[in-house]
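Visitor: here is my input, please return the structure:
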Amino acid sequence: MKKIYIIVLLLLVFLILTVLIIFCPVITQWDRSVIIFLQDKLGFLPVQIFKLPDCILYSIMIALPLIGFGGYFLIKKLYKDAVFLFSVPLVTFILNFILKHIVCRPRPPFELQIAGIHPDSFSYVSSHSLVTFCLWGMVIWYLYKFCSNKILRISGTIIAVLWILFVGLSRIVTGVHNPTDVLGAYLLGIMLLICFIGLRNHLIKTS
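Guide: Numbers count the residues shown, from 1 in each chain. Below is the predicted model of the structure:
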């Protein structure tokens, strides 16, 4: 019952944020100010660092948990877990695609996109941030579910959290997403994670 209250609260916050983004131009102005501020403060770092989630590294960080845990589940004959894990990025991407075409929020202007990447898709929410949050959030949960090695659990959790935060930061610093696009992705990601884990547990119990 507590999970339902959490989801309802998160959904309410997410809807309020979405409405403000659509109807309150000051939110977009604030977004622009944050992008400029971060670009100025982090300008001493090579821009290639923040472009990493737009190169092969992003694909590797998607494939790594799918191959690692997927292989483990197949070896242990946990076929439902294997299918479920592979469905997480797919379902997340589809939901993100639908939401983007409902809100239809433009990307930040080209002059703020410092990485030479100019996506022509809509902005809200950040698909990189959302997919990363859900997939690597499930990695953290699976580590504590199946891994008995404390050092491995802690190391995997640190890597997962840092990667989730870095992807969100990189989308803002490169100017391809607004800060509220990433914030919305994280709020939606928490809700989806609670639903994913609850559904997974229900499927396993009924098997």
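
Visitor: tell me what the helix ranked longest in the chain is packed against?
Guide: Within the chain, and with DSSP state H defining each element, the longest helix by residue count is helix 179-205. Counting contacts by 3 or more CB pairs under 8 Å, 6 or more residues apart in numbering; DSSP states H and E, helix 179-205 packs against helix 2-23, helix 25-41, helix 79-103, helix 127-146, helix 150-173. Bear in mind the C-beta positions are built from the backbone N, C-alpha and C, glycine included.

Visitor: out of these, deepest packed?
Guide: helix 127-146 (a mean of 21; mean count of other CB atoms under 10 Å).

Visitor: pLDDT (mean, whole number) over that helix?
Guide: Averaged across helix 127-146, pLDDT comes to 95.

Visitor: tilt between it and helix 179-205?
Guide: 40 degrees (axes from the mean of the first three to the mean of the last three CA atoms, to 10 degrees).

Visitor: tell me the angle helix 127-146 makes with helix 150-173.
Guide: Angle of helix 127-146 versus helix 150-173, following the same axes, to 10 degrees, is 170 degrees.

Visitor: I'd like to know which elements helix 127-146 is packed against.
Guide: helix 56-75, helix 79-103, helix 150-173, helix 179-205.

Visitor: ok, now with 6 Å
Guide: helix 79-103, helix 150-173, helix 179-205 (3 or more CB pairs under 6 Å, 6 or more residues apart in numbering; DSSP states H and E).

Visitor: make CSV out of these and add distance to Ile56 and mean pLDDT.
Guide: Formatted as CSV, the helices and strands packed on helix 127-146 follow (distance: least, CB to CB, whole Å; pLDDT from 0 to 100):
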stretch, distance to Ile56, mean pLDDT
helix 79-103, 16, 92
helix 150-173, 14, 96
helix 179-205, 22, 92
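
Visitor: tabulate these (TSV), appending distance to Gly116.
Guide: Below are these laid out as TSV (distance: least, CB to CB, whole Å):
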stretch	distance to Gly116
helix 79-103	22
helix 150-173	13
helix 179-205	19
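
Visitor: closest to Leu135 out of these?
Guide: Comparison of these against Leu135 by CB to CB identifies helix 79-103 as nearest, at 5.2 Å.

Visitor: just give me how far the closest one sits from the chain centre.
Guide: Offset of helix 79-103 from its chain centre (CA atoms, centre = their mean, to the nearest Å): 11 Å.

Visitor: could you do stretch 182-194 as well?
Guide: Remark: stretch 182-194 is offset 7 Å from the chain centroid, using CA atoms, centre = their mean.

Visitor: which residues touch that stretch?
Guide: Residues outside stretch 182-194 that contact it (CB atoms under 6 Å, 6 or more residues apart in numbering) are 3, 7, 10, 14, 17, 124-126, 129-130, 133-134, 137, 168, 171.

Visitor: let's see that stretch as CSV, backbone CA atoms only.
Guide: C-alpha atoms of stretch 182-194 as CSV (Å, rounded to 0.1, in the frame of the first residue of the first chain):
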residue,chain,number,x,y,z
VAL,A,182,16.4,15.3,-17.0
LEU,A,183,14.5,16.0,-13.8
GLY,A,184,11.3,14.7,-15.4
ALA,A,185,13.1,11.6,-16.6
TYR,A,186,14.3,10.8,-13.1
LEU,A,187,10.9,11.3,-11.5
LEU,A,188,9.3,9.1,-14.2
GLY,A,189,12.2,6.6,-13.8
ILE,A,190,11.5,6.2,-10.1
MET,A,191,7.9,5.5,-10.8
LEU,A,192,8.7,3.0,-13.5
LEU,A,193,11.3,1.2,-11.3
ILE,A,194,8.8,0.7,-8.5
